[in-house]
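Participant: Here is a sequence together with a model predicted from it:
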Amino acid sequence: MLPAKKTSKTRTRTRRSHQALKAINLSVCKKCSNPKLPHAACSNCGYVNSTISLKVAKTEEA
């Protein structure tokens, strides 16, 4: 069975409005000022909070 009427652009776009990609929310590391994900360890220095700090392995390129 075919649709009785054409679906308008507005109706289609309204239905798909929640499918848009959302920007990643980045925060600043308090120790080295690099961008990082909130509630996660910094990839540069390994800082999480004042009581937790992880050791990050540095790879040398040469």
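Facilitator: Received, thanks. For clarity, every value in this text was computed on a predicted model and none was experimentally measured.

Participant: Need the residues that contact stretch 2-18.
Facilitator: With Cβ atoms under 8 Å, 6 or more residues apart in numbering as the test, stretch 2-18 has no contacts from any other residue. C-beta: built from backbone N, CA, C; applies to glycine.

Participant: so Lys55 touches Cys45, yeah?
Facilitator: No: in terms of Cβ atoms under 8 Å, Lys55 does not count as a neighbour of Cys45; the distance is 10.0 Å.

Participant: neighbour-wise, which of these two wins?
Facilitator: Comparing Lys55 with Cys45 by other Cβ atoms under 10 Å, the one with more neighbours is Cys45, at 16 against 6.

Participant: Distance of the most centrally placed residue in the chain relative to Ser50?
Facilitator: For the chain, the residue nearest the mean C-alpha position is Ile24 (2.8 Å; Cα atoms, centre = their mean). Distance from Ile24 to Ser50, counting by Cβ to Cβ, to the nearest Å: 25 Å.

Participant: How far does stretch 50-62 sit from its chain's centre?
Facilitator: 22 Å (Cα atoms, centre = their mean, to the nearest Å).

Participant: what's the average pLDDT for it?
Facilitator: Averaged across stretch 50-62, pLDDT comes to 73.

Participant: Can I get that stretch in CSV, CA atoms only?
Facilitator: Output of stretch 50-62 as CSV, limited to C-alpha atoms (Å, rounded to 0.1, in the frame of the first residue of the first chain):
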residue,chain,number,x,y,z
SER,A,50,44.1,15.4,44.0
THR,A,51,44.2,11.8,45.5
ILE,A,52,44.5,9.8,42.3
SER,A,53,47.2,10.1,39.6
LEU,A,54,47.9,7.4,37.0
LYS,A,55,51.3,6.6,35.5
VAL,A,56,51.2,7.2,31.7
ALA,A,57,53.7,5.4,29.5
LYS,A,58,55.4,7.8,27.1
THR,A,59,56.3,6.6,23.6
GLU,A,60,59.4,8.0,22.1
GLU,A,61,59.5,8.8,18.4
ALA,A,62,62.9,9.0,16.7
